[in-house]
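Novice: The sequence and its predicted three-dimensional model are supplied below.
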Amino acid sequence: MTAEPNVAPAAAVLAKPAKRQRGPLWFAWRRFLANRAAVVGGSVLGIITLMAIFAPWITPAGPTAQAFLTDALAFPSAQHWMGVDDLGRDFFTRIVYGARVSLTIGFSAALFSVVIGIPLGAAAGFFGGRTDWVIMRVIEIFSVVPPLLAAMLLGALTGGGFWMIVAIAALFGWVQVCLLVRAQIKAFKEKEFVRAAQALGASPAYVIRVHLIPNSVSPIIIGFVLAIPLAMMLEASLSFLGVGVPPPTPSWGQMINNGMNFMYFYWHLAVFPTVALAVTVLATSLFGDGLRDALDPTMKAR
Amino acid sequence: MTGYILRRLLSVMVTFFVVSVIIFLMMHSIPGGPFDGGDMPVPEAVRQKLNAQYGLDQPLYVQYGRYMWGVLQFDFGVPFQSPGETVLELLGRAWVPSLVLGGLGVLIGVPLGILLGMAAALKRNSWIDYLASTVATLGLTIPVFVTSMLLILVFSVWLGWLPSSGWGEPERWILPIAAYATIPMATYARYMRSAMLDTLNKPFVTVLRAKGLSERQIVFQHVMRNSSIPLVTVFLPMFIGTATGSIFVEAMFRVPGLGSYFVSSIRTRDYPLEMALMLMLTVMFCLAYLISDILYAWLNPRIRHGGKQE
Amino acid sequence: MKDTQAQPIVEIEDLRVTFPQAEGSVRAVRGVSLALHPGESLGVVGESGSGKSVSWMAVMRLLRAPPAEVEAGRLRLAGIEVMQARREELTELRGRAAAMIFQDPMTAFDPVFTIGHQIIETIRAHRATSKRAARAEALDLLERVEIRNAEAILDSYPHQLSGGMLQRAMIAMALSCRPQVLIADEPTTALDVTVQAQILQLIKDLQDEMGMGLVMITHDLGVVAETVDRVVVMYGGKVMEEAPVVELFEDPRHPYTRALMVSIPGQEGGRRRLTEIPGASPDPSDPPEGCPFHPRCTQADAQCAAEEPPMAVLGPGRRAACWRLT
Amino acid sequence: MRGGGAADGGPRSGPPCGLLEADVSGPDRIPPGAVPALELRGLGKRFHLRSGGILRRRVTELRAVADVDLVLPRGGILGLVGESGSGKSTTGLMALRLLEPSEGQILIEGTDVTALGHAALKPWRRRVQVVFQDSYSALDPMFTLAQVVAEPLRIHGIGDGASRHRAALDWLERVGLHRSYGSRYAHELSGGQRQRVAIARALILEPAVLIADEPTSALDVSVKAQIINLLQDLQAEMDLSILFISHDLSVVRSLCDRVAVMFSGRIVEEAPTEAIFTSARHPYTRALLDAIPVLDPRQRRRRTFRDRAEIARDVPVLRRGEVTGPVPEGAGPRLMPIGPDHRVAAVLEGEAA
Amino acid sequence: QDAVFPGDSTSGTYFDYMKTVYARAGNPEISMLPLTSFDKEFEIVGLGAESWEQSEDGLTWTFTLREGLMFSDGHPLTAEDYVFALQRAATDGYDFAWYWDFAAGIENWNAVVNGEADVSTLGIEAVDDRTISVTTASPKPYLPSVVSLWYPVPKHVWDEHGDDYAVNVDTLVASGAYMVESWEKNDNTITYVRNPNYTGPWPGELDSFEVNQSLGQPEVGLPAFMAGELGLAYLNRGQIPFMEERMGDNIRRNAIFAVSYISFDLDAPPFDDVNVRRALALAVDREEMTSTVLADLAIPGASILPPGYPGHNQAIVDQAVFDPERARELLAEAGYPGGEGFPEVEIWYRDQGGYNGAITAPMLQYLQAEYEEHLGITMGIRVMPIQDWMQALTEETNNLFLSPYEYDYIDPSNFFGIFYGGGRHDHRLPEYDALVEQAGSASEWEERLALYEEAEQILLYDNVSVIPLVHPIQTFVFADGISGEATVPTENGLSASSRLTPYFYTHLTVE
Ligand SMILES: Nc1ncnc2c1ncn2[C@@H]1O[C@H](COP(=O)(O)OP(=O)(O)OP(=O)(O)O)[C@@H](O)[C@H]1O
Ligand SMILES: Nc1ncnc2c1ncn2[C@@H]1O[C@H](COP(=O)(O)OP(=O)(O)OP(=O)(O)O)[C@@H](O)[C@H]1O
Ligand SMILES: [Mg+2]
Ligand SMILES: [Mg+2]
């Protein structure tokens, strides 16, 4: 063995000014921005939302005004971008206002499903045993009673309406998220880092909140994104069964239903609401994918 | 395991009971009864006579008790909608088309969805990914009655290749199955993509590559199995949801299946049939969850062995 | 050194690996050149985080790109340029030309398949044998890596095994490929010394039997002393020194190598403080100019801080990168 | 102290950022020497191995750990070495109550914690920290390293976000990682770097007891020295007690006061460090010492190994006179005291092994 | 099989019109032989009955059956089978039981139904095998029209199997021109073949055909039609222009003889004020509504009776004007100038398929917009299942309804009867009731017409109890190759109604 090193000018290394530390969210944001599709999805979603909010300023008439009765069923034109519907209403206006209803239903149901589904799923997956048993029974009950039945019943009891649909969509949307979270957490709770936190004295609530749920983002986001079209579709099916959002309030589901009658000839009445729904959900899911990738630090954007 | 299954079956009974009470109360709390008449009021005397004939004049708990007592002996009563046969006979005939079409729809849609999701995950952020996402999203957002209508327009009205609707020869199955398959396909594509991406990041995938396994083997054996938990979670409930018939698909394709009975039994206050349908769903869902849980254990040995916790 | 005349089985020239980060890229490997001949055994030692694992992952093309950005003047495995290889070629190469024992055995196994399944599938990926024969072979390999109760272990899942057992299973799996080169990244960290010694012996025996090349990445200089012919010392993503093993131990030339040698805990008894190299490792995203070691080097001067020292040949098979030696 | 340098001049002593000053949440401090920091009594663990799928399953019982009695005095460093798979990690996990023991008791600072619930355990959790053997899986992939290291403070509600962050970066630096690592993720690290993060996390709370399972296996000698020195300093300054599980005998020799050797789930020999290295009695201990690699490439030799079964059979036989204390009850090999503080698993002359 | 035709009720219980009308399975009318029926010009024709006559006092009718009538199983069809059908209906719970009191006024009917009198006291009797006598409580000049819904029940089969004879294809015995060959229960799709034992008038021209209930929805029917699988398809509004372009010659329209009207709870504010109701009536522009949102689906309906229906009165129609100006004034008079202070009201309608389903939603949304615009009234819309709606209507849990009504038998009394006190609506208009009662039993047609005009005047203009809106029509298309009398439009441009079932299926041919 050779000469041992002497004290080195090490201070120089340490003295270098520390770089600015960035939080994990900042990195997530960067990863998100690097994902073109996600940014496009997010922007489209933003635009649709803004259009819904500022509907009165961008549409030629009110959503229920039958201002163009003599033009009823007119095809798209410069004056009526999406044509006129069978009741003489400007269809573009209807679509824009329909976004209000459909987005509210879709997003509140999705939000609710996450808000209910995550804690319940987490508790069931993490504690297992009796908690799991009870939650699973609740889930079973909710999966068995079909939303349509519940809707028809509640419709008959409460007089139906917009909020009833939101409530139904929300009440039945959470089951899937709950199951997904439960499964993911069951798989993750045995991981070493979870035990590491437990070894530190972390409470179950902490472990679930800080470790397990963030590690379950991808099923959660998928569940969230899927809940949106499901809720919107529920609204459409309820309209089909006559328990939907009462007319004349425009909603995409109801418009699609109505458009079906006109599909052969007056195609615009079915096509535009369907496209609106599809674009919204597509944007949401691109956005969701981007979000998922961004929140996962092991993913690097290209 | 046997003990576990027995215990689970016991809890199925609990759910069964709770659901039966809930449904029963729900059904009976909707105003109106099965013999209230349609267009014109039914004379009071007639209505009373009919109600008495079917025991509907009894207090609710008596009705419930009677019905459940029958159920225990596999007697689900006679549907008001279709006298002359029992509820079980009705289910027996009406369920077949739903099961065949819905089941095939899921069985075809799921593998397609899995492939689509895989392609998307493996080619993340490429045009394949975007295409797969779009297809999946369209599958989820175009209401199934619109899809059905489009299929009919294209394949039977314009091209004339397939019959438009009806039930019978297998060529009549193709379009409804296609309509049914869209939702499982789309759902699975979404889940698969995300689960695959999760798994592809795992260090053991690198090891598998290092061992010289072909990409196909890695993806189809290892990544698939590791990604399958969320897929298993949604599979059986989806299967049940689809295989018990969709009122929309069945209406569009005139499939004489179970779907319309879910609605008509509520509309016509057909208590025996409605109860039977719900109880059937209950049992199927409970069993589905039981099977899913067993599958989890099979797929993930760590759950099977309860981890280090013994 | 064996077979120097023959074509090298691994050739690395000016390998660079960069991981882009939000704030400055991490330059994990910064121009490494190396060659390994058939049957030869090479030790790779060096600072933790100096790019040892990353360089050899790059050789196998196992770094996920993105994020990794790999460049090399030449990167050949069994004569094939891996940077240009098609996927099927890579599949062919991996396992057969070179097999790798990974540093972290606990996460290296697929958690949902049994150990046996994973070894058997490896065997069958390279050789057409029946399941039964492959199982017998797997069993034999497990026994050779000193796993008791091998029959039961074959049917166990990764989470049921201790760290050391997994490490040995990993070794068995790598050996089952019968590679031309075995890249062993810290293969014995989780093993007690008796097992370690037996496994090292096993590897040596296999080298003799099959003429297998060996790359032993390790921090255990005792292991280096016992198993390899030639040693490469890395620091800050670069090769600092390369020497035949005996010369390295007897006459380390580079100041980093010397500092490393001093840090080895001795065999003397009694509790005591150990010698460490003063100073801290450099920030990988902002490595110092000049010689990477200069901030901690006792002999460093202005030149070391300004210019990168060239790799100087100091004798047959001996190289070092240090201004003080040229 | 020969090395010195930055590691010495760094904020080594005293709590970083004063975060730990109000150290009152834990159980009352106990005067040194009075009670052992950690005591394991007759600890055992059985695993039930199930195989053969879901339906046709066979269950075999595996005694991973049996009859482990260990005492870790306050401020002591006990090395636990042994065969791979002999139950060292399992013992450590049980001592942490991360794995429920099948039998036996765990006492922390004299308190029996074997049956405590989560809430009652929490103050003890703060006093007993762990470095897991598998440092990769022990780090949450979604956390930056600063978050990982700060997590113990967060769990115990110490300091605010900013001060925790600072403390975490300080600790990263103390284990030889540049502060910039604070914003990186576990998968971006080399094996040794991960291990150091795990160590920093375990030390940031300045615990009374540290259970370290192979904490330095992936470190180069210099960094290893740095970490070992750090542990020694903490031990000296704060009476840190360490259960040090390792295969690296030279590190064990320079760090530990006492060493226990495990073989097949049991302690087979336990003695002060030097006694183990100089006068080991158990054949497994001897085999271990024999197998330590020699640092001189010229002395390379072909080794022969004793078969494990043979070692297992070769139970030391003690003459009655050699036993210095009371002979434990029972038949078969059991730990018998020989000489000061030295115990070895043996049988008495005349007993069948 | 010659052709497939769409039906319109996929659900249903008994294949027996006399057991259950509203929930009948399929179209038992095709295989059952009513006493009388109508041809496409709405002329009454004796089917089971060869002739009939009214007694001097107008209370007793004697129907004589045709000779040699047989059931499809060869068993003779006798007066007993007709009489039994009604006796069973009166005693055995039948959802049409009210009809024979309301429409025919058969003596003692209600008492028997309510269990207060024995069935033997009922005013019907089989005098001999071919003679039925019916005694009514008051003169019913239109009884022959009412009995177009009187079908025989094969008593010999019923004696053996009970009501369930009508749920099993093997025991279904036909009395009409066609008989059932097979029955797909899931959607009540039925195949009919010619009844070889049929000896009555209008023998069918088709050998066999299917009535597929699931093809009644235009959305489903038209694709099947386009694919050549269907002989006739109903069209919805969006499909009409498409088909006009392609098969304009094959398109037919038929009158349904129905009316859609608004009704109120006359005792609750705000509709207890006649001015409010009148304002609502004046603010409806029926012409615009039917020419825009309801194009091809309805014609303006300013009176209760549809044009072409006996008793339709142009004088009444002419009084209906669209006068928003006046409507506003009236509303202001009622205390709601410009709609100010007018409570939020909701109009309830029933969820229904068919032609009603097609017109209701657009019509209500149109009204909603018009009322908002002309009167400043906010009117919500709510749809509900038929039963709930019915219950709400009778219990008056809401104050505003949209009600459809389709004729049961062809006579003004049918429509006027629904507004009779305590009938469908809780109206209390003694003058109206008296007039309608009088008109119902008067024997002279002219006299009756005058009385009805007076009554309608009171109902629609003096009291504005209801506001008739439109009379729906149906549009459909025949496949090429389907011809026969039933496909030929009548003078007024309309063709045979789908309600004229016995006529329709016996007057079709298929190439
Ligand atoms: N995915 C990644 N992203 C960013 N940096 C990375 C990534 N992988 C490795 N690095 C960095 O590359 C450098 C070299 O890592 P490598 O794993 O090769 O070290 P090593 O020499 O094997 O160290 P050890 O002895 O500790 O295993 C380290 O500084 C590490 O932090
Ligand atoms: N969850 C488990 N299920 C079944 N057996 C287990 C489980 N965990 C550990 N074991 C077994 O217990 C024994 C002891 O394992 P342990 O991890 O404690 O060994 P170790 O002494 O730490 O070994 P190493 O030095 O290799 O890490 C091993 O035989 C192992 O297979
Ligand atoms: Mg490494
Ligand atoms: Mg271990």
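Specialist: Thanks, I have it. Keep in mind it's a predicted model, so treat the numbers as computed, not measured. Ligands and ions are numbered 1, 2, ... in the order given.

Novice: any idea of the pLDDT on E:S51?
Specialist: For E:S51, the model assigns a pLDDT of 92.

Novice: Tell me if it really is in a strand.
Specialist: Yes. Counting by DSSP: H, G, I helix; E, B strand; the rest coil, E:S51 is found in a strand.

Novice: For it, which non-adjacent residue is closest in space?
Specialist: Sequence neighbours aside, E:T64 is the residue nearest to E:S51 in space, at 5.1 Å (criterion: CB to CB, 6 or more residues apart in numbering or on different chains). In this view, the C-beta of every residue, glycine as well, is placed from N, C-alpha and C.

Novice: What about contact with chain B: does the longest helix along chain A have any residue there?
Specialist: Ranked by number of residues, the top helix in chain A under DSSP state H is helix A:91-127. No. If you take CB under 8 Å from any CB of the partner chain as the test, helix A:91-127 misses chain B, and the best it gets is 10.1 Å.

Novice: mind listing what's buried in that helix?
Specialist: Applying a neighbour-count criterion of 16 or more other CB atoms under 10 Å in any protein chain shown, one finds A:91-110, A:112-114, A:116-126 buried in helix A:91-127.

Novice: which stretches of the chain form helices?
Specialist: Unless you meant another one, I'm taking chain A. A:11-15, A:24-33, A:36-53, A:55-58, A:91-127, A:129-144, A:147-158, A:162-188, A:192-199, A:204-206, A:217-240, A:252-260, A:268-295.

Novice: Correction: the question concerned chain D.
Specialist: Under DSSP H, chain D gives helices at D:6-9, D:88-95, D:118-127, D:145-155, D:161-174, D:191-203, D:221-238, D:249-255, D:273-279, D:283-291, D:308-313.

Novice: likewise the stretch 51-200 of chain B?
Specialist: Assigned by DSSP state H, counting those that start in this stretch, the helices in the stretch 51-200 of chain B fall at B:60-72, B:87-122, B:127-141, B:144-151, B:174-200.

Novice: Distance of C:C297 relative to C:G236?
Specialist: Separation of C:C297 from C:G236 (CB to CB, to the nearest Å): 12 Å.

Novice: OK, contacts around the closest residue to E:P412 other than its chain neighbours?
Specialist: Nearest residue to E:P412 in three dimensions, chain neighbours excluded: E:G311, at 3.5 Å (CB to CB, 6+ apart). Neighbouring residues of E:G311 by CB atoms under 8 Å, 6 or more residues apart in numbering or on different chains: E:305, E:411-412, E:448-449, E:452.

Novice: can you give me phi and psi for E:G311?
Specialist: The phi and psi torsions at E:G311 (degrees, to the nearest 10) take the values phi 100, psi 0.

Novice: what's the answer for E:S403, then?
Specialist: Dihedral pair for E:S403: phi -120, psi 140, per degrees, to the nearest 10.

Novice: interface residues of the stretch 101-250 of chain B facing chain A?
Specialist: So far as CB under 8 Å from any CB goes, the stretch 101-250 of chain B lies against chain A at B:125, B:129-130, B:133-134, B:136-138, B:140-143, B:145-146, B:149, B:153, B:187, B:190-191, B:193-195, B:197-198, B:201, B:229-230, B:232-234, B:237, B:248.

Novice: Can you select the buried ones from these in PyMOL?
Specialist: Burial among those is assessed by 16+ other CB under 10 Å; the matching PyMOL selection reads:
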select buried, chain B and resi 125+129+130+133+136+137+138+140+141+142+143+145+146+149+153+187+190+191+193+194+195+197+198+229+230+232+233+234+237+248
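
Novice: I'd like to know if stretch B:65-85 reaches chain A anywhere along the stretch.
Specialist: No. Counting by CB under 8 Å from any CB, chain A has no neighbours in stretch B:65-85; the shortest distance is 15.2 Å.

Novice: List the buried residues in that stretch.
Specialist: Going by neighbour count (16+ other CB under 10 Å), the buried part of stretch B:65-85 is B:67-68, B:71, B:76-85.

Novice: Please save the CA atoms from that stretch in CSV.
Specialist: This file holds the C-alpha atoms of stretch B:65-85, laid out as CSV (Å, rounded to 0.1, in the frame of the first residue of the first chain):
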residue,chain,number,x,y,z
GLY,B,65,-91.4,-13.0,3.1
ARG,B,66,-93.6,-14.9,0.7
TYR,B,67,-91.5,-14.1,-2.3
MET,B,68,-88.2,-14.9,-0.6
TRP,B,69,-89.6,-18.1,0.7
GLY,B,70,-90.4,-19.0,-2.8
VAL,B,71,-87.0,-18.0,-4.0
LEU,B,72,-85.4,-20.3,-1.5
GLN,B,73,-87.3,-23.1,-3.2
PHE,B,74,-86.3,-21.8,-6.6
ASP,B,75,-89.8,-20.5,-7.2
PHE,B,76,-89.4,-17.0,-8.5
GLY,B,77,-93.1,-16.7,-9.4
VAL,B,78,-94.8,-15.8,-12.6
PRO,B,79,-93.9,-12.7,-14.5
PHE,B,80,-96.9,-10.3,-14.8
GLN,B,81,-95.6,-9.5,-18.2
SER,B,82,-95.8,-13.1,-19.4
PRO,B,83,-98.3,-15.2,-17.6
GLY,B,84,-98.3,-18.8,-18.7
GLU,B,85,-94.7,-19.3,-17.9
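
Novice: residue contacts, D:V261?
Specialist: D:V261 makes contacts with D:81-82, D:267-270, D:276, D:280, D:282, D:284-285, D:288, as judged by CB under 8 Å, 6+ apart.

Novice: Including neighbour count, could these go into CSV?
Specialist: Converted to CSV, the contacts of D:V261 look like this (neighbours: other CB atoms under 10 Å in any protein chain shown):
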residue, neighbour count
D:V81, 25
D:G82, 29
D:I267, 27
D:V268, 28
D:E269, 29
D:E270, 27
D:I276, 27
D:A280, 23
D:H282, 25
D:Y284, 25
D:T285, 25
D:L288, 25
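
Novice: Would you mind giving those residues as JSON lines with pLDDT and distance to A:N258 added?
Specialist: Output for the contacts of D:V261, formatted as JSON lines (pLDDT from 0 to 100; distance: CB to CB, whole Å):
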{"residue": "D:V81", "pLDDT": "91", "distance to A:N258": "79"}
{"residue": "D:G82", "pLDDT": "88", "distance to A:N258": "77"}
{"residue": "D:I267", "pLDDT": "90", "distance to A:N258": "80"}
{"residue": "D:V268", "pLDDT": "91", "distance to A:N258": "83"}
{"residue": "D:E269", "pLDDT": "91", "distance to A:N258": "86"}
{"residue": "D:E270", "pLDDT": "90", "distance to A:N258": "84"}
{"residue": "D:I276", "pLDDT": "88", "distance to A:N258": "87"}
{"residue": "D:A280", "pLDDT": "86", "distance to A:N258": "89"}
{"residue": "D:H282", "pLDDT": "90", "distance to A:N258": "87"}
{"residue": "D:Y284", "pLDDT": "89", "distance to A:N258": "83"}
{"residue": "D:T285", "pLDDT": "90", "distance to A:N258": "86"}
{"residue": "D:L288", "pLDDT": "87", "distance to A:N258": "83"}
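
Novice: Please name the nearest non-neighbouring residue to D:G79.
Specialist: Closest to D:G79 by CB to CB, 6+ apart is D:C256, at 3.6 Å.

Novice: quick one, phi/psi of the one you found?
Specialist: Main-chain torsions, D:C256, degrees, to the nearest 10: phi -90, psi 150.
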